[in-house]
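In: task: produce atomic coordinates for the following.
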Amino acid sequence: MWTPSPQRIAGSNLQTFRGWLREHRGLDLPDWDGLHRWSVQHSGEFWAAVWDWCGVDGDRGERLVESPGEDRCPDPGERMRRTRFLPDARLNVARNLLGEPSTDTALVFRSEDGEAAELTRAELHDMVGRVQQLLIDAGVGPGDRVAAWMPNRPEAYAVMLAAAGLGAVFSSTSPDFGTAGVLDRFSQISPTVLFACADYPYGGRRHDCTERLADIAAGLPSLLRTVVVEPGWLDGYGAGFGSGPTPAVFRKLPFDHPWYVLYSSGTTGPPKCIVHRAGGLLVKHLAEHRLHCDVRPGDRVFYFTTTGWMMWNWLASILACGAAAVLYDGSPAHPGPERLFDLVDDTGITLFGTSAKFIDACRNAGIRPAVTHDLSSLRTITSTGSTLVAEGFDWVYGNVKADVHLASISGGTDLCGCLVAGDPTSPVRRGEIQRPGLAMDMDVVDDSGETLPPGIEGELVCRSPFPSMPLRFWDDPDEARYRAAYFERVDGVWHHGDFASRTPSGGFVISGRSDATLNPGGVRIGTAEIYRRVDTMPEVDESIAVGQPDGADTRIVLFVKMASGHELTDELRGLIRSRIRAELSPRHVPAVIAAVDDIPRTRSGKMTETAVRDVICGRPVRNTSAMANPEALEHFRDRPELA
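Out: Below is the predicted model of the structure:
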């Protein structure tokens, strides 16, 4: 569908990196296959090369990889989990993102309601320094947690960078989450300081947060201070923009020092708190941004995201490339579906990041930005969150821009990055993700862990360690939950929970989740959050939630087994939806709620969500012999409301 010109290939960062490897490492890797093969077989050398070529500010140290030997650690999955990259390196990740104070643009901000701002790197330095004074006054030090319940604004980035500069651990979620959803996350990590906004715009009106903020603060006894981000919020801290800069603090820390906590889907309890390491994410993001996405100094990079999605963190690292991050706060469809394409022309976006759901919505709306907009600045479009179907590729190239690198990418919160990604020097093929990530030893396997041939669907796995594997899970002292999450499904390799197939051209097609995680609109949601709201209602005995394909997206289907003497009425459906929306978020609300007489379970008593999902999707159910009541599956078959 698109082939890069010889000039674009010659001027790409990938080509420059190959030349650097030839000059500085004596390596001749003229094509993608050679570069990827070397990066997998010599991953420590690859990540050290990324550090050196990108000019990471820090001390890299001499050792490239530290891993227990087979004699001391016979379990290959455990060896993978315990591998450490650049174990002697020291750096500060905020220093690397901020760079030097200068007049170069760091952040470009636009809001749905017309608010606009641009911050230079010098101005962002000053804001970060002032936030740090506030944090220091509150007693925050290395390892303390700083939380933000905030919209996608420059102040949220300043808080994250301020915390990272001090060595504190940052965590965020967006204001569309209800009180219970926020407390499910933040209460696990016991933050010292909470930053929040009083309101935010979405869909043509402002949404008040003050009542929920009071409840959230009351539910976090660890808090020493709650800061409402509003005009004057930093008065008294630092010299101010007009009187000179406030120096920011950058403590040099180990490569594996925790940077932030992200939250992934909990299917058997509260959301998992995933602790991510600073150095590992920095080099992983540098490889993704500069090599896979061809981001250059002076670029303007946009991703439509909230502070509750990992793409917000991914976007923040763009600053380390010398590029500016473009932030948008509001609905992507207000006042009309062309809103984000207006943003491209308004701000000069060079990389436009979005979701497959957004592309599908634009296609269904019949808009043609190629006709109505200039889009001359746009070089790259990335899509993630869920599978970008072939028709989505057709729409982009036919209605947005013919000469653009459309990179469908896939990864997750668990690594805060990509497993498979784009290649700006190779053709884009309809419906395919172009490449495995550099230094990512990706494979598609069957249930026994054997490699499947191209075109056959199986489990997506990574066979070798990589630096952005989680440092740990919060409150997982024996690391049993960590091992169970990634290393027990397929022996000895990282199991990601996606169905995928390889293509003859070396690319990948992701066809959906292989586990019980829900993924509406590309946002992963754990079923346990829904169950805790529904199963405590007196009318409901128990419930089970699964994802069902819905065009290019996924919708949540909730089945409820009613308590004795109760029926599932439209009124009760409304109450269930209202409770989920209020306590969690609009994304958690089921599209369909249906009653069943029984719910299938394993012999150990666990609900079999994947079996129910397979039934409603028309797929064969595997291993019914392990089920205590396989006949219960018949209650989910051929449901008219799911047609």
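In: got the domain ranges for the chain?
Out: Domain assignment for the chain by automatic domain parsing gives 6-80, 93-104+121-251, 525-642.
In: output these in a markdown table; the columns should cover mean pLDDT, distance to residue 510 and mean neighbour count.
Out: To be clear about C-beta, it is placed using only N, CA and C from the backbone, and glycine gets the same treatment. Compiled in a markdown table, the domains of the chain are given as follows (pLDDT from 0 to 100; distance: least, Cβ to Cβ, whole Å; neighbours: other Cβ atoms under 10 Å):
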| stretch | mean pLDDT | distance to residue 510 | mean neighbour count |
| --- | --- | --- | --- |
| domain 6-80 | 96 | 19 | 16 |
| domain 93-104+121-251 | 93 | 25 | 20 |
| domain 525-642 | 89 | 12 | 17 |
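In: redo these as a markdown table? Include distance to residue 360.
Out: Output for the domains of the chain, formatted as a markdown table (distance: least, Cβ to Cβ, whole Å):
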| stretch | distance to residue 360 |
| --- | --- |
| domain 6-80 | 28 |
| domain 93-104+121-251 | 19 |
| domain 525-642 | 4 |
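In: residue 513 is nearest to which of those domains?
Out: The stretch from the domains of the chain with the least distance to residue 513 (Cβ to Cβ) is domain 525-642; that distance is 6.6 Å.
In: end to end, how far does that closest one reach?
Out: 20 Å (Cα to Cα, to the nearest Å).
In: also stretch 362-381?
Out: End-to-end distance of stretch 362-381: 14 Å, with Cα to Cα as the criterion.
In: show me how far that stretch is from its chain's centre.
Out: Taking Cα atoms, centre = their mean, to the nearest Å, one finds the center of stretch 362-381 at 25 Å from the center of the full chain.
In: re earlier: nearest to residue 379, out of the domains of the chain?
Out: With Cβ to Cβ, the closest approach to residue 379 among the domains of the chain belongs to domain 6-80: 8.6 Å.
In: return the distance of the closest one from the chain's centre.
Out: How far domain 6-80 lies from its chain's middle: 24 Å, per Cα atoms, centre = their mean.
In: give me the distance between the two termini of it.
Out: Chord length of domain 6-80, first to last residue, is 39 Å (Cα to Cα).
In: between the domains of the chain, which one is nearest to residue 335?
Out: Nearest to residue 335 among the domains of the chain is domain 93-104+121-251 (7.2 Å), distances taken as Cβ to Cβ.
In: figure out which of the domains of the chain is closest to residue 487.
Out: Among the domains of the chain, domain 6-80 comes nearest to residue 487, with 3.5 Å by Cβ to Cβ.
In: got a list of what residue 348 touches?
Out: Neighbour list for residue 348: 300, 377 [criterion: Cβ atoms under 8 Å, 6 or more residues apart in numbering].
In: for the biggest helix by length in the chain, packing partners?
Out: Secondary structure of the chain read by DSSP state H shows that its longest helix is helix 121-137. Using 3 or more Cβ pairs under 8 Å, 6 or more residues apart in numbering; DSSP states H and E as the contact test, the elements touching helix 121-137 are helix 93-98, strand 105-111, helix 154-166.
In: JSON lines for these, including distance to residue 568?
Out: Rendered in JSON lines, the data for those read as follows (distance: least, Cβ to Cβ, whole Å):
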{"stretch": "helix 93-98", "distance to residue 568": "50"}
{"stretch": "strand 105-111", "distance to residue 568": "41"}
{"stretch": "helix 154-166", "distance to residue 568": "41"}
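In: which of the ones you listed sits closest to residue 474?
Out: helix 154-166 (16.0 Å).
In: now for whichever helix or strand comes after that closest one, which elements pack on it?
Out: Beyond helix 154-166 in the direction of the C-terminus, DSSP states H and E gives the next helix or strand as strand 169-173. Other elements packing on strand 169-173 under the criterion 3+ Cβ pairs under 8 Å, 6+ apart are strand 145-149, helix 154-166, helix 179-189, strand 258-264.
In: sheet partners, orientation included, of strand 169-173?
Out: The partner list of strand 169-173 in its sheet, established with DSSP bridges, is strand 145-149 (parallel), strand 258-264 (parallel).
In: touching the first one from outside, list them.
Out: This points to strand 145-149. Residues outside strand 145-149 that contact it (Cβ under 8 Å, 6+ apart): 135, 140, 156, 159-160, 162-163, 168-175, 177, 182, 186, 189-197, 209, 213, 216, 220, 222, 261, 307.
In: possible to save the strands paired with strand 169-173 as a markdown table with distance to residue 356?
Out: Output for the strands paired with strand 169-173, formatted as a markdown table (distance: least, Cβ to Cβ, whole Å):
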| stretch | distance to residue 356 |
| --- | --- |
| strand 145-149 | 27 |
| strand 258-264 | 20 |
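In: so for residue 248, which of these sits nearest?
Out: Comparison of the strands paired with strand 169-173 against residue 248 by Cβ to Cβ identifies strand 145-149 as nearest, at 14.9 Å.
In: check the offset of that closest one from the chain's centre.
Out: Centroid separation between strand 145-149 and its chain, computed with Cα atoms, centre = their mean, is 17 Å.
In: could you give the angle of that strand to helix 121-137?
Out: For strand 145-149 and helix 121-137, the angle between their directions (axes from the mean of the first three to the mean of the last three Cα atoms, to 10 degrees) works out to 120 degrees.
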